[in-house]
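Chemist: Could you look at this predicted model? Sequence included:
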Amino acid sequence: MTAELQLLWLALMLYTLAGSTAIGAAVLAKRPERIILGVIMIGLTAHAVSLGLRWERLGHGPFITLFEILSSNVWSLLAIYALAYWRVPAVRPAAMVVMPVLFLMMAWLLVTSSAAGHFPPTYRTVWLYVHLLFGKVFLGSVLVAVGVAGLILLRHAGVGVARLPQLPDNVRLENLAFRFMMVGFIFESLMLVAGAIWAQDAWGRYWAWDPLETWAFATWLLLAFFIHLRVTVSLRPYQSAALIMAVFVLAFLTFFGVPFVSTAPHKGAV
Amino acid sequence: MQTFAVIRSRGDWLVAAASLRVTLVLLALFAAGVAATYALDTDAAFALSAPLGLLALNLAAAIVANPVFRRQTALLVFHLALLALVVLAAAGRLTYLKGQIELAEGELFSGQLTQSESGRWHRSQLERAQFVNEGFTIRYEKGVSRAETRNSVRWLDDRGAEQRAVIGDNQPLVRHGYRFYTTFNKGFAPVFVWHPTGGAARRGTINLPSYPVHEYRQALEWTVPGTRTTLWTMLQFDEVLLDPEQVSQFRLPERHTLVVRIGEARHELAPGARLMLPQGVLIYEHLSTWMGYTVFYDWTLPWLFAACMLAVASMAWHFWQKCVAQPWDGDA
């Protein structure tokens, strides 16, 4: 096994350890946050070195094959969640929702071929990196919102109510989740703009309703609908949380589903 | 019992048109239009433009009628930028041009497109966007995966000075607002000189099917200019030009022949060979290449970008103000 894969395995094991501890800490109302963050940081470092080694070996970034996209997104999603975990204590119990999503992605990554893919010449542009960066911040913000929304839904379903007494009430949690969605909305808008600039240079059109563009725009529309709905009718926290989940599902399918069923040239670059 | 509000005056109509509930319905309709366009895989312009136009009207009415836009400047700027985007997108659709051309090496683009579609109000200035294809290089990775395309072009600028550039992949040639992009579509182009009896000689090329996509179909039927003589022409060579086992580059074959069929007669031409026809002499000069380009024109591009940036910046400003004004865990 190459050093690149060994480091990836190490990172995944550390993520699993940190995630399991975070879930346990939330359930048992313990506070080993420093340890959890430390383990995540070591994992992120090992993973970053693994991604860097692959980048160096193949001559392109991790955004061509499903393996690369899953790997780089596990890294970026966990980095964004770790940042939120560090800065916003109310987000910490959301590990119960966020980490299982990341565990699923890690399991998917482990059964995916790590073979290299062809790097198209149209991907050699700085706009690709700008597009990717905005996309990763968008999905990371929505994932944090999903974690908080998941807590609201768990409470609404009567699951773990006794285990989460220290958390703010659902109205405040919904307010917190909405703020992460607003960050997501801004970065998804930026992602679409950067993608359009790249598409104009790469394929001579800024928008062509290709599958990935259509799905990404549908996600943007759903977010816009959610924001307008929230100011039009007074949504209950669980209704708002359900909509946040819907946005995430659409975004997740756009990132990890559409590129691999599409035959359009614009694929995989998320 | 009154179940519906009665709309009495113009002001009431404005308020109704500005309703956020209408916005929600129109957003849902727009999403349905997007889904229909995607699912039916068709250019259903009406399914997109109708709800988008109504959304623009709804937004314009809201900006006039809803006092929140006068209290919150960032929100106003964001929605004005959205309106500008819709107007610019519509203007772009009415004035755009998309087209395709093929140019042999050394050939001048004089404004003629092989295929095109354009908006109703497009006024072509393509004749001002002349340039010459000076040839290209394309690298292939193992497995004949296309890598970089480098295409040299030259043109005369408005002062008559010669300009040169290398375009390809993410780098188009931009002339008078027209953007010329190289494509994967390229191939071999036999160059002929046609000497009609008693007429002036003309040099021309035929563009064989794209290579390597149509590697085994390098043949074309064409008619000699000013005659009814039809020639079936096929390029024949034995070399492996693009070896899947190694990195390679698009190039001309070192040795080749051109098979020409006129009716039942078959000829094999090497460069410099002459073919006597009843109406004159056809000389096969040499083998060259051709490049296919897509052409795109949309004067709104920089304005669209500016409107997008303004929209995103004002949206971020608005959300920031909201967050600062009230902490998430504060009292509502």
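Modeler: Perfect, I can see it now. No experiment lies behind these values; they were computed from the predicted model shown.
Chemist: next one: phi and psi at residue B:97?
Modeler: phi -150, psi 130 (degrees, to the nearest 10).
Chemist: Quick one: residues contacting it.
Modeler: For residue B:97, the contacting residues are B:116, B:117, B:118, B:119, B:122, B:124, B:126, B:178, B:295, B:296, B:297, B:298, by CB atoms under 8 Å, 6 or more residues apart in numbering or on different chains. For glycine as for every other residue, the C-beta is placed from the backbone atoms N, C-alpha and C.
Chemist: For the chain, give me the ranges with low pLDDT.
Modeler: Since you didn't name a chain, this refers to chain A. A:1, A:163-165, A:262-270 (pLDDT under 70).
Chemist: Switch to chain B, please.
Modeler: B:1-10, B:41-43, B:331-332.
Chemist: Recalculate using a threshold of 50.
Modeler: Where chain B drops to pLDDT under 50, the residues are B:1-4.
Chemist: any chance you could map the helices in it?
Modeler: Taking DSSP state H as the test, the helices found in chain B are B:10-17, B:20-40, B:45-65, B:68-71, B:73-95, B:301-325.
Chemist: Quick one: the ones you listed as CSV, columns for distance to residue B:245 and mean neighbour count too.
Modeler: Supplementary listing: the helices of chain B in CSV, determined by distance: least, CB to CB, whole Å; neighbours: other CB atoms under 10 Å in any protein chain shown:
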stretch, distance to residue B:245, mean neighbour count
helix B:10-17, 67, 14
helix B:20-40, 40, 16
helix B:45-65, 47, 17
helix B:68-71, 65, 12
helix B:73-95, 46, 18
helix B:301-325, 43, 17
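Chemist: Quick check: which of those is nearest to residue B:289?
Modeler: When those are ranked by distance to residue B:289, counting by CB to CB, first place goes to helix B:301-325 at 30.5 Å.
Chemist: what's the spacing between that closest one and its chain's center?
Modeler: Here helix B:301-325 is found 29 Å from its chain centre; the criterion is CA atoms, centre = their mean, to the nearest Å.
Chemist: Between helix B:73-95 and it, find me the angle.
Modeler: Using axes from the mean of the first three to the mean of the last three CA atoms, to 10 degrees, the direction of helix B:301-325 lies 160 degrees away from that of helix B:73-95.
Chemist: do helix B:301-325 and chain A meet?
Modeler: Yes. Under the criterion of CB under 8 Å from any CB of the partner chain, chain A is reached by helix B:301-325 at B:301, B:304, B:305, B:308, B:309, B:311, B:312, B:315, B:316, B:319, B:322, B:323.
Chemist: hang on, the earlier thing: of the contacts of residue B:97, select the buried ones using a ChimeraX command.
Modeler: Burial among the contacts of residue B:97 is assessed by 16 or more other CB atoms under 10 Å in any protein chain shown; the matching ChimeraX selection reads:
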select /B:118,119,122,126,178,295,296,297,298
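Chemist: Redo the contacts of residue B:97 as JSON lines? Include distance to residue B:69.
Modeler: Output for those, formatted as JSON lines (distance: CB to CB, whole Å):
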{"residue": "B:116", "distance to residue B:69": "42"}
{"residue": "B:117", "distance to residue B:69": "38"}
{"residue": "B:118", "distance to residue B:69": "37"}
{"residue": "B:119", "distance to residue B:69": "32"}
{"residue": "B:122", "distance to residue B:69": "35"}
{"residue": "B:124", "distance to residue B:69": "41"}
{"residue": "B:126", "distance to residue B:69": "43"}
{"residue": "B:178", "distance to residue B:69": "39"}
{"residue": "B:295", "distance to residue B:69": "41"}
{"residue": "B:296", "distance to residue B:69": "36"}
{"residue": "B:297", "distance to residue B:69": "35"}
{"residue": "B:298", "distance to residue B:69": "30"}
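Chemist: Just want to check the distance between residue B:228 and chain A.
Modeler: Residue B:228 sits 38 Å away from chain A when distances are taken as CB to the nearest CB, to the nearest Å.
Chemist: typo on my end, it should be residue B:91
Modeler: Separation of residue B:91 from chain A (CB to the nearest CB) stands at 14 Å.
Chemist: hmm, back to that, which of the residues of helix B:301-325 next to chain A sits closest to residue B:210?
Modeler: Scanning the residues of helix B:301-325 next to chain A for proximity to residue B:210, where the rule is CB to CB, the winner is residue B:301, at 28.6 Å.
Chemist: Next up, the contacts around that closest one.
Modeler: Counting by CB under 8 Å, 6+ apart, the residues that residue B:301 touches are A:200, A:206, B:92.
Chemist: Let's have the contacts of residue B:97 in CSV, adding distance to chain A.
Modeler: Below are the contacts of residue B:97 laid out as CSV (distance: CB to the nearest CB, whole Å):
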residue, distance to chain A
B:116, 13
B:117, 12
B:118, 14
B:119, 14
B:122, 15
B:124, 17
B:126, 15
B:178, 11
B:295, 8
B:296, 5
B:297, 10
B:298, 8
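Chemist: got JSON lines for the contacts of residue B:301, with distance to residue B:111 too?
Modeler: JSON lines is the format used below for the contacts of residue B:301 (distance: CB to CB, whole Å):
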{"residue": "A:200", "distance to residue B:111": "23"}
{"residue": "A:206", "distance to residue B:111": "24"}
{"residue": "B:92", "distance to residue B:111": "22"}
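Chemist: Most widely separated two among the residues of helix B:301-325 next to chain A?
Modeler: Using CB to CB, the two most remote members of the residues of helix B:301-325 next to chain A are B:301 and B:323, lying 33.1 Å apart.
Chemist: on that earlier part again, okay, and which of the contacts of residue B:97 map to strands?
Modeler: Members of the contacts of residue B:97 lying in strands (criterion: DSSP state E): B:116, B:117, B:118, B:178, B:295, B:296, B:297.
Chemist: Could you find which two of the residues you listed are furthest from each other?
Modeler: Farthest apart among the ones in strands among the contacts of residue B:97 - using CB to CB - are B:117 and B:178, which lie 14.4 Å from each other.
Chemist: and residue A:61, what element?
Modeler: In the assignment (DSSP states H and E), residue A:61 maps to no helix and no strand.
Chemist: From chain B, how far out is it?
Modeler: Taking CB to the nearest CB, one finds residue A:61 at 16 Å from chain B.
Chemist: what about stretch A:205-222, near chain B?
Modeler: Yes. Legend: contact between stretch A:205-222 and chain B by CB under 8 Å from any CB is shown at A:205, A:206, A:209, A:211, A:214, A:217, A:218, A:221, A:222.
Chemist: For that stretch, give me every contacting residue.
Modeler: If you take CB under 8 Å, 6+ apart as the criterion, stretch A:205-222 is touched by A:185, A:188-189, A:191-192, A:195-197, A:199-200, A:243, A:246-247, A:250-251, A:253-254, A:258-259, A:261-262, A:264-267, A:270, B:27, B:30-31, B:34-35, B:37-38, B:98, B:296, B:298, B:301, B:304.
Chemist: Repeat the analysis, applying 6 Å as the threshold.
Modeler: The contact list for stretch A:205-222 (CB atoms under 6 Å, 6 or more residues apart in numbering or on different chains) reads A:188, A:196, A:199-200, A:247, A:250-251, A:254, A:258, A:262, A:264, A:266, B:31, B:34, B:38.
Chemist: list the buried ones in it?
Modeler: Using 16+ other CB under 10 Å as the test for burial, stretch A:205-222 gives A:205-206, A:209-222.
Chemist: chain center to that stretch, what's the gap?
Modeler: Put simply, stretch A:205-222 sits 18 Å off its chain's centre (CA atoms, centre = their mean).
Chemist: List, one by one, the residues from the stretch 201-332 of chain B near chain A.
Modeler: B:294, B:296, B:308, B:312, B:315, B:316, B:319, B:328, B:329 (CB under 6 Å from any CB of the partner chain).
Chemist: From residue A:35, how far out is the first one?
Modeler: By that I understand residue B:294. Distance from residue B:294 to residue A:35, counting by CB to CB, to the nearest Å: 56 Å.
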